[in-house]
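**Student:** 3D, please:
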Amino acid sequence: MKKTGLAVAILLSLGLVGCANQDIYSGNVYSGDQAKEARSISYGTIVSSRPVKIQADNQGVIGTVGGGVLGGIAGSGIGGGTGQAIATTVGAIAGAVIGSKIEEKASQVDSLELVIKKDDGKEIVVVQKYDASLVPGARVRIVGGSTLNVSAL
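**Tutor:** Got it, this is the predicted structure:
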């Protein structure tokens, strides 16, 4: 019974990884450091865009450890003696690898790489969370310096 409770707790933890705040990569969200800060503004037109993924910085060990524990629990139910120990070890290693990959995928955000021709003639590239209004030909407002937020007009 204790193994089942532990497995459920780990599965819930893995599920929470996918709930991480991914709106921080949106053009409509500012970080706390950007509040009350003078920022430049310019305008331009999107020349092209392509879908990309942003790998969130919140990757930790939850997926690896959780997967390892679940794999070990699953492996411990196989066989007995030396065979059970081997199955537990193999299950833990396989679970850790799978858990890490699941966490990596859950931490990715659908995004766009935007090539923008600014009104001054310079071209820039900005990557931010996917927004259906950011299409080639759209006029945009660009706010910031080295950290930019792009929004459709």
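
**Student:** Could you use CA atoms for every contact and neighbour count after this?
**Tutor:** Noted.

**Student:** how about the helices of the chain, start to end?
**Tutor:** Secondary structure of the chain (DSSP state H): helices at 2-17, 62-76, 81-106.

**Student:** and these, which one is worst for confidence?
**Tutor:** Mean pLDDT per stretch puts helix 2-17 lowest among the helices of the chain, at a mean of 50.

**Student:** Just the buried residues of the lengthiest strand in the chain, please?
**Tutor:** Assignment by DSSP state E gives strand 41-55 as the longest strand of the chain. Using 16 or more other Cα atoms under 10 Å as the test for burial, strand 41-55 gives 43, 44, 45, 46, 47, 48, 49, 52, 53, 54, 55.

**Student:** Of these, which is the nearest to residue 113?
**Tutor:** Using Cα to Cα, residue 49 comes nearest to residue 113 of these, at 5.4 Å.

**Student:** got the contact list for the residue nearest to that closest one when sequence neighbours are not counted?
**Tutor:** Excluding the flanking residues, the one nearest residue 49 by Cα to Cα, 6 or more residues apart in numbering is residue 114, at 4.5 Å. Listed by Cα atoms under 8 Å, 6 or more residues apart in numbering, the contact set of residue 114 reads 46, 47, 48, 49, 50, 125, 126, 127.

**Student:** Please produce TSV containing the buried residues of strand 41-55, extended by pLDDT and distance to residue 132.
**Tutor:** Output for the buried residues of strand 41-55, formatted as TSV (pLDDT from 0 to 100; distance: Cα to Cα, whole Å):
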residue	pLDDT	distance to residue 132
43	96	19
44	96	17
45	97	15
46	97	13
47	97	15
48	96	13
49	95	11
52	88	14
53	85	15
54	81	17
55	75	20
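
**Student:** Reformat the residues you listed as TSV; add distance to residue 141.
**Tutor:** Shown next, in TSV, are those (distance: Cα to Cα, whole Å):
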residue	distance to residue 141
43	5
44	7
45	9
46	10
47	14
48	16
49	16
52	21
53	22
54	22
55	25
